[in-house]
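> pasting the sequence and the predicted model now:
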Amino acid sequence: MFAKAIPEPNSGCWLWLGGVNHKGYGTFKWSSGKTKLAHRASWEVSKGEIPKGILVCHKCDNPACVNPDHLFLGTDKDNSDDKLRKGREARLAGETNPRARITENQVNTILEDIGRGRTLQSLADEYGVHRNTIHQIKIGRNWRHLRGTA
(Lines give C-alpha, C1' and ligand atoms only; values in the text may rest on other atoms or scores of the structure.)
Protein backbone atom coordinates (compact mmCIF):
# COMPACT_ATOMS: atom_id res chain seq x y z
CA MET A 1 0.00 0.00 0.00
CA PHE A 2 2.85 2.44 0.71
CA ALA A 3 3.84 2.28 -2.97
CA LYS A 4 0.92 4.69 -3.53
CA ALA A 5 2.38 7.27 -1.13
CA ILE A 6 5.17 9.81 -1.52
CA PRO A 7 7.02 11.57 1.30
CA GLU A 8 6.57 15.32 1.58
CA PRO A 9 9.94 16.55 2.93
CA ASN A 10 8.75 19.72 4.69
CA SER A 11 5.96 18.21 6.79
CA GLY A 12 7.03 14.59 7.04
CA CYS A 13 3.64 13.54 5.69
CA TRP A 14 3.41 10.60 3.33
CA LEU A 15 0.92 11.84 0.75
CA TRP A 16 -1.52 9.33 -0.70
CA LEU A 17 -1.39 9.30 -4.50
CA GLY A 18 -4.24 6.85 -5.05
CA GLY A 19 -7.94 7.61 -5.05
CA VAL A 20 -9.42 10.00 -2.50
CA ASN A 21 -12.93 10.57 -1.20
CA HIS A 22 -14.83 13.87 -1.14
CA LYS A 23 -13.11 14.90 2.11
CA GLY A 24 -9.60 14.29 0.75
CA TYR A 25 -8.97 11.02 2.60
CA GLY A 26 -7.17 8.36 0.60
CA THR A 27 -9.09 5.23 -0.28
CA PHE A 28 -7.52 1.82 -0.60
CA LYS A 29 -8.84 -1.52 -1.84
CA TRP A 30 -7.90 -4.10 0.79
CA SER A 31 -6.95 -7.64 -0.21
CA SER A 32 -10.43 -8.79 0.86
CA GLY A 33 -11.86 -6.55 -1.87
CA LYS A 34 -13.30 -4.09 0.65
CA THR A 35 -12.46 -0.42 0.27
CA LYS A 36 -10.84 1.19 3.31
CA LEU A 37 -9.59 4.61 4.12
CA ALA A 38 -5.85 4.65 3.36
CA HIS A 39 -4.85 6.09 6.74
CA ARG A 40 -6.74 3.28 8.51
CA ALA A 41 -5.04 0.71 6.27
CA SER A 42 -1.69 2.35 7.08
CA TRP A 43 -2.38 1.97 10.81
CA GLU A 44 -3.39 -1.67 10.45
CA VAL A 45 -0.35 -2.56 8.33
CA SER A 46 2.08 -0.69 10.62
CA LYS A 47 0.63 -0.93 14.10
CA GLY A 48 -2.06 -3.58 14.14
CA GLU A 49 -5.78 -3.92 14.59
CA ILE A 50 -8.02 -0.92 15.20
CA PRO A 51 -10.49 -1.59 18.02
CA LYS A 52 -14.17 -1.43 17.08
CA GLY A 53 -15.58 2.09 17.36
CA ILE A 54 -12.14 3.73 17.39
CA LEU A 55 -11.00 6.33 14.87
CA VAL A 56 -7.57 6.76 13.31
CA CYS A 57 -6.87 10.47 13.69
CA HIS A 58 -4.21 12.70 12.13
CA LYS A 59 -1.73 14.64 14.26
CA CYS A 60 -0.79 16.55 11.10
CA ASP A 61 -4.39 17.40 10.08
CA ASN A 62 -3.64 16.29 6.52
CA PRO A 63 -6.34 13.83 5.37
CA ALA A 64 -4.10 12.59 2.53
CA CYS A 65 -1.30 11.63 4.96
CA VAL A 66 -0.68 7.92 5.58
CA ASN A 67 2.52 8.25 7.66
CA PRO A 68 1.84 5.96 10.65
CA ASP A 69 3.88 8.29 12.87
CA HIS A 70 1.36 11.06 12.12
CA LEU A 71 -1.62 8.93 13.19
CA PHE A 72 -3.15 8.15 16.56
CA LEU A 73 -6.12 6.17 17.79
CA GLY A 74 -8.97 7.95 19.50
CA THR A 75 -12.66 8.12 20.16
CA ASP A 76 -14.99 10.53 18.38
CA LYS A 77 -14.67 12.80 21.44
CA ASP A 78 -10.86 12.62 21.27
CA ASN A 79 -11.04 13.65 17.62
CA SER A 80 -13.45 16.52 18.41
CA ASP A 81 -11.26 17.67 21.30
CA ASP A 82 -8.22 17.59 19.00
CA LYS A 83 -10.06 19.71 16.41
CA LEU A 84 -11.14 22.15 19.12
CA ARG A 85 -7.58 22.50 20.47
CA LYS A 86 -6.39 23.24 16.95
CA GLY A 87 -9.18 25.73 16.22
CA ARG A 88 -10.81 23.64 13.50
CA GLU A 89 -14.22 23.05 15.13
CA ALA A 90 -16.56 25.28 13.13
CA ARG A 91 -19.74 24.27 14.89
CA LEU A 92 -18.44 25.77 18.14
CA ALA A 93 -17.50 29.02 16.47
CA GLY A 94 -20.75 30.68 17.56
CA GLU A 95 -21.35 33.99 15.84
CA THR A 96 -18.22 33.60 13.69
CA ASN A 97 -19.83 30.61 11.97
CA PRO A 98 -21.11 31.97 8.65
CA ARG A 99 -24.27 29.87 9.02
CA ALA A 100 -25.21 31.46 12.36
CA ARG A 101 -28.54 33.29 12.17
CA ILE A 102 -28.73 34.36 15.81
CA THR A 103 -26.26 35.83 18.30
CA GLU A 104 -24.81 34.33 21.48
CA ASN A 105 -26.87 36.81 23.53
CA GLN A 106 -30.02 35.61 21.76
CA VAL A 107 -29.07 31.97 22.44
CA ASN A 108 -28.60 32.74 26.13
CA THR A 109 -32.03 34.41 26.18
CA ILE A 110 -33.54 31.42 24.37
CA LEU A 111 -32.08 29.06 26.97
CA GLU A 112 -33.50 31.22 29.77
CA ASP A 113 -36.90 31.32 28.05
CA ILE A 114 -36.91 27.55 27.60
CA GLY A 115 -36.24 27.27 31.33
CA ARG A 116 -39.27 29.48 31.94
CA GLY A 117 -41.46 27.15 29.88
CA ARG A 118 -41.64 28.98 26.54
CA THR A 119 -42.53 26.70 23.65
CA LEU A 120 -40.00 25.91 20.97
CA GLN A 121 -42.34 27.14 18.25
CA SER A 122 -42.97 30.50 19.94
CA LEU A 123 -39.21 31.04 20.25
CA ALA A 124 -38.65 29.98 16.64
CA ASP A 125 -41.28 32.45 15.49
CA GLU A 126 -39.80 35.24 17.60
CA TYR A 127 -36.25 34.72 16.30
CA GLY A 128 -37.16 33.86 12.71
CA VAL A 129 -35.62 30.40 12.74
CA HIS A 130 -36.95 26.87 12.36
CA ARG A 131 -38.35 25.11 15.42
CA ASN A 132 -35.61 22.48 15.03
CA THR A 133 -32.97 25.19 15.49
CA ILE A 134 -34.43 25.96 18.91
CA HIS A 135 -34.68 22.24 19.69
CA GLN A 136 -30.97 21.76 18.81
CA ILE A 137 -30.09 24.61 21.19
CA LYS A 138 -32.30 23.08 23.92
CA ILE A 139 -30.67 19.64 23.74
CA GLY A 140 -27.16 21.12 23.54
CA ARG A 141 -26.33 20.00 20.01
CA ASN A 142 -25.90 23.56 18.71
CA TRP A 143 -24.24 26.40 20.61
CA ARG A 144 -23.11 23.85 23.19
CA HIS A 145 -20.27 26.06 24.32
CA LEU A 146 -22.91 28.33 25.90
CA ARG A 147 -24.53 25.61 28.01
CA GLY A 148 -24.51 26.52 31.66
CA THR A 149 -23.95 30.23 30.96
CA ALA A 150 -27.62 31.13 30.66
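That came through, no problem.
> element containing the residue positioned nearest the centre of the chain, please.
The geometric centre of the chain, computed from its C-alpha atoms, lies nearest to Ser80 (Cα atoms, centre = their mean), at 5.6 Å. Ser80 belongs to helix 76-85 when elements are defined using DSSP states H and E.
> buried stuff in that helix?
79, 82-83 (16 or more other Cβ atoms under 10 Å). Just so you know, the C-beta spots here come from the backbone N, C-alpha and C atoms, and that holds for glycine as well.
> so what's the residue nearest to the centre of the chain scoring on pLDDT?
Looking at Ser80, its pLDDT reads 84.
> same deal with the one 3 residues further on?
Per-residue pLDDT puts Lys83 at 83.
> same check on Gly48?
In this model, Gly48 is scored at 96, pLDDT.
> quick check: phi and psi on it?
Here is the backbone geometry of Gly48 (degrees, to the nearest 10): phi 110, psi -170.
> and the closest residue to Gln121 other than its chain neighbours, what does it touch?
Closest residue to Gln121 apart from its sequence neighbours, by Cβ to Cβ, 6 or more residues apart in numbering: Arg131 at 5.2 Å. Neighbouring residues of Arg131 by Cβ atoms under 8 Å, 6 or more residues apart in numbering: 120-121, 124.
> how about 10 Å then?
Contact analysis of Arg131 by Cβ atoms under 10 Å, 6 or more residues apart in numbering lists 119-125.
> filter the residues you listed to the buried ones?
120, 123-124.
> which of those residues lies closest to Leu111?
Leu123 (9.9 Å; Cβ to Cβ).
> find the residue closest to the closest one in space, skipping its chain neighbours.
Per Cβ to Cβ, 6+ apart, closest to Leu123 is Ile134, 4.8 Å.
> I'd like the next helix or strand past the helix holding Ser80.
Toward the C-terminus from helix 76-85 - assigned by DSSP H and E - lies helix 104-115.
> helices and strands around that next one, which ones?
Counting contacts by 3 or more Cβ pairs under 10 Å, 6 or more residues apart in numbering; DSSP states H and E, helix 104-115 is packed against helix 120-127, helix 131-138.
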